[in-house]
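[1] Sequence isn't available, so here's the structure alone:
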């Protein structure tokens, strides 16, 4: 099996893009948190509440998982606090 080496500069750019997009996503969540509390959390529990949370927060879980998987497969070990499963062997 042959493995291809990725240029370290390309890895750095990919790393920066991944984590800046995650930061932007969390920034958006914090900007809209007040309205979310007002219109979602203070309402009676309903099936639409479940659908809202699944749509809103599934993206965060997916992005964090995908970033950990890609970083692990590329051999990056730069964010062990955010991705604890990426610990050295």
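    That came through, no problem. What you are looking at is a predicted structure, and each value in this text was computed from that prediction instead of being measured.
[2] alpha carbons only for contacts and neighbour counts from here, please
    OK.
[3] Do a quick rundown of the helices in this structure.
    8-31, 33-36, 47-74 (DSSP state H).
[4] can you list those in CSV and add mean pLDDT?
    Formatted as CSV, the entries for those read as follows, by pLDDT from 0 to 100:
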stretch, mean pLDDT
helix 8-31, 84
helix 33-36, 92
helix 47-74, 78
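[5] Count the residues that sit near residue 14.
    One way to gauge burial is a neighbour count; for residue 14, by other C-alpha atoms under 10 Å, it gives 13.
[6] whoops, I mixed them up, residue 18
    Around residue 18 there are 15 other residues, counting by other C-alpha under 10 Å.
[7] For it, give me its contacts.
    With contact taken as C-alpha atoms under 8 Å, 6 or more residues apart in numbering, residue 18 is in contact with residue 67.
[8] Identify the residues contacting stretch 54-63?
    The contact list for stretch 54-63, computed with C-alpha under 8 Å, 6+ apart, reads 22, 25.
[9] May I see the buried residues of that stretch?
    Of the residues in stretch 54-63, residue 63 count as buried by neighbour count, 16 or more other C-alpha atoms under 10 Å.
[10] cool, and stretch 39-54?
    Applying a neighbour-count criterion of 16+ other C-alpha under 10 Å, one finds residue 40 buried in stretch 39-54.
[11] Give me the distance between that stretch and the centre of its chain.
    Stretch 39-54 sits 22 Å away from the centroid of its parent chain (C-alpha atoms, centre = their mean, to the nearest Å).
[12] now do stretch 59-70
    In terms of C-alpha atoms, centre = their mean, the gap separating the centre of stretch 59-70 from the centre of its chain is 5 Å.
[13] Please apply the same query to stretch 29-39.
    Worked out by C-alpha atoms, centre = their mean, stretch 29-39 lies 19 Å from the chain centre.
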